[in-house]
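S.K.: 3D, please:
(one chain, ligands or ions: 1)
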Amino acid sequence: MPSAPKTQKDAASPSRKGDFDAVRNDIASILDQPDYDDGSIGPVLVRLAWHASGTYCAETKTGGSNGAGMRYEAEGGDPANAGLEHARRFLEPVKEKHPWITYADLWTLAGVVAIKEMGGPDCKWKPGRTDFVDDSKCPPRGRLPDGAQAAEHLRFIFYRMGFNDQEIVALAGAHSLGRCHSDRSGWEGPWSVTPTKFSTQYYKMLTKFKWEEKKWEGPRQFRNEDLGEELMMLPTDMALIEDEKFIPWVKKYAEDRDAFYKDFADVFSKLIELGVERTDDYESAPTFSKAEGDKKEQEAKSKI
Ligand code: HEM
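M.R.: Alright, predicted model coming up:
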């Protein structure tokens, strides 16, 4: 895993097709953004990679991280994806510097780099995703989870992707990162006191603290202030300690950092592979001509 060079010289270095380490370095170099949220765009990049992938349906083999459908209104305009336009905009200079990388590869790689740079595990990442040339292949809306629901809904959503109960709980540990924004999802606040650091804090908060329903005008969420600042849980987060099959995994990951890091790396790598079909020579996989592709890309950029 490359370290993150932050010098001007590195930022100006030329891009060679297939030099994914150079892309990794450039993603790492833009993570710190003092004026954005808690000072890092890492969390929103992780959410971008997850939402790009989490539309997958194992039965119909539709959706998933191939295609970068979020460039189009059909997928990008899904209310579940509100706020992810910021993540895509932040990545645009990296795409401009490395025009040979597909958006679908860039978004998933950005999630993997962000996790690592925020202190998380190495998640396996392979290139080879292609970008849709139009929006006709965008998955239907409504495939991503709704935080207002309970355990049954989580199973419905994640089983469709091909995950089991343990994997659902491991994936949800990403909520140690970042925060809810009232102008995006309606909910408000962070899950942990270190929202830019990958950790087991989410599970610790769930198992060690008492959560009460927040009294406010906004959508139903839970609050706790024992660590000196108000932290939050969604109804779906609470479902992980209310469900008898989920809770043993929450307790395990609260106590066993190594198990969580390993299981998270495995399941996140599986998530970002959903829907990816590679040809033997994936570098030549896009089926449109370069001119056609450039035109589509211009159109897509104007919608980011
Ligand atoms: C279990 C079902 C899940 C639900 C219901 C859910 C729901 C949400 C909601 C409502 C937000 C706040 C969005 C905003 O207002 O900006 C959010 C943020 C976030 N989610 Fe999830 N999520 C789920 C699973 C996941 C998974 C599987 C991952 C990654 C593996 C993930 C990673 C994140 C991250 C990193 C943020 C913070 C984004 C930021 O700070 O901008 N979530 N999630």
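S.K.: quick check: the nearest residue to Glu229 once chain neighbours are set aside vs Gly83, distance?
M.R.: Nearest non-adjacent residue to Glu229, counting by C-beta to C-beta, 6 or more residues apart in numbering: Val193, 6.3 Å away. Using the backbone N, CA and C atoms, a C-beta is placed for each residue, glycine as well. Distance from Val193 to Gly83, counting by C-beta to C-beta, to the nearest Å: 22 Å.
S.K.: likewise Leu227?
M.R.: 25 Å.
S.K.: what about the two, which has more around it?
M.R.: Gly83 (15 against 12; other C-beta atoms under 10 Å).
S.K.: need the residues of the stretch 201-304 of the chain near the ligand, please.
M.R.: 234, 236, 268 (C-beta under 6 Å from any ligand atom).
S.K.: go again using 5 Å as the cut-off
M.R.: Counting by C-beta under 5 Å from any ligand atom, the stretch 201-304 of the chain comes close to the ligand at Thr236.
S.K.: which residues of the stretch 201-304 of the chain score low on pLDDT?
M.R.: The stretch 201-304 of the chain contains residues with pLDDT under 70 at 279-297, 300-301, 303-304.
S.K.: run the last query once more with 50
M.R.: Scanning the stretch 201-304 of the chain for pLDDT under 50 picks out 284-290.
S.K.: all the helices of it, in order from the start?
M.R.: 201-208, 235-242, 247-255, 257-273, 290-303 (DSSP state H, counting those that start in this stretch).
S.K.: and those as a markdown table, adding distance to Ala87?
M.R.: Below are these laid out as a markdown table (distance: least, C-beta to C-beta, whole Å):
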| stretch | distance to Ala87 |
| --- | --- |
| helix 201-208 | 20 |
| helix 235-242 | 21 |
| helix 247-255 | 26 |
| helix 257-273 | 15 |
| helix 290-303 | 15 |
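S.K.: can you lay out those as TSV showing mean neighbour count and distance to His175?
M.R.: Shown next, in TSV, are these (neighbours: other C-beta atoms under 10 Å; distance: least, C-beta to C-beta, whole Å):
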stretch	mean neighbour count	distance to His175
helix 201-208	20	5
helix 235-242	19	6
helix 247-255	18	12
helix 257-273	19	12
helix 290-303	13	29
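S.K.: of those, which is nearest Gly63?
M.R.: Of all the helices of the stretch 201-304 of the chain, it is helix 257-273 that lies closest to Gly63, at 11.9 Å by C-beta to C-beta.
S.K.: which secondary structure elements does the closest one contact?
M.R.: helix 42-53, helix 103-117, helix 165-172, helix 247-255 (3 or more C-beta pairs under 8 Å, 6 or more residues apart in numbering; DSSP states H and E).
S.K.: any idea how far it is from the chain center?
M.R.: 13 Å (C-alpha atoms, centre = their mean, to the nearest Å).
S.K.: what residues does that helix touch?
M.R.: By C-beta atoms under 8 Å, 6 or more residues apart in numbering, the surrounding residues in contact with helix 257-273 are 49-50, 52-54, 65, 108, 111-112, 115, 120-126, 161, 163, 166-167, 170-171, 173-174, 200, 203, 252-253.
S.K.: measure Val267 to Lys97 for me?
M.R.: In terms of C-beta to C-beta, Val267 sits 31 Å off from Lys97.
S.K.: and the residue of this protein nearest the ligand?
M.R.: Using C-beta to the nearest ligand atom, the single residue of the chain nearest to the ligand is Gly178, 2.3 Å away.
S.K.: which residues touch Val23?
M.R.: 15, 94, 98, 101, 106, 109.
S.K.: likewise for Val250?
M.R.: With the criterion set at C-beta under 8 Å, 6+ apart, Val250 makes contact with 169, 203, 206-207, 240-241.
S.K.: how about those, which pair is most distant?
M.R.: Val169 and Thr207 (11.8 Å).
S.K.: ok so, going back, residues in contact with the residue of the chain closest to the ligand?
M.R.: So Gly178 contacts 37-38, 42-44, 46-47, 190-191, 195 (C-beta under 8 Å, 6+ apart).
S.K.: ok, and which of those reach the ligand?
M.R.: 43-44, 46-47.
S.K.: ok, back up a step: kindly reformat the contacts of Val250 as a markdown table containing distance to Leu144.
M.R.: Putting these into a markdown table (distance: C-beta to C-beta, whole Å) gives the following:
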| residue | distance to Leu144 |
| --- | --- |
| Val169 | 18 |
| Tyr203 | 22 |
| Leu206 | 21 |
| Thr207 | 26 |
| Leu240 | 17 |
| Ile241 | 22 |
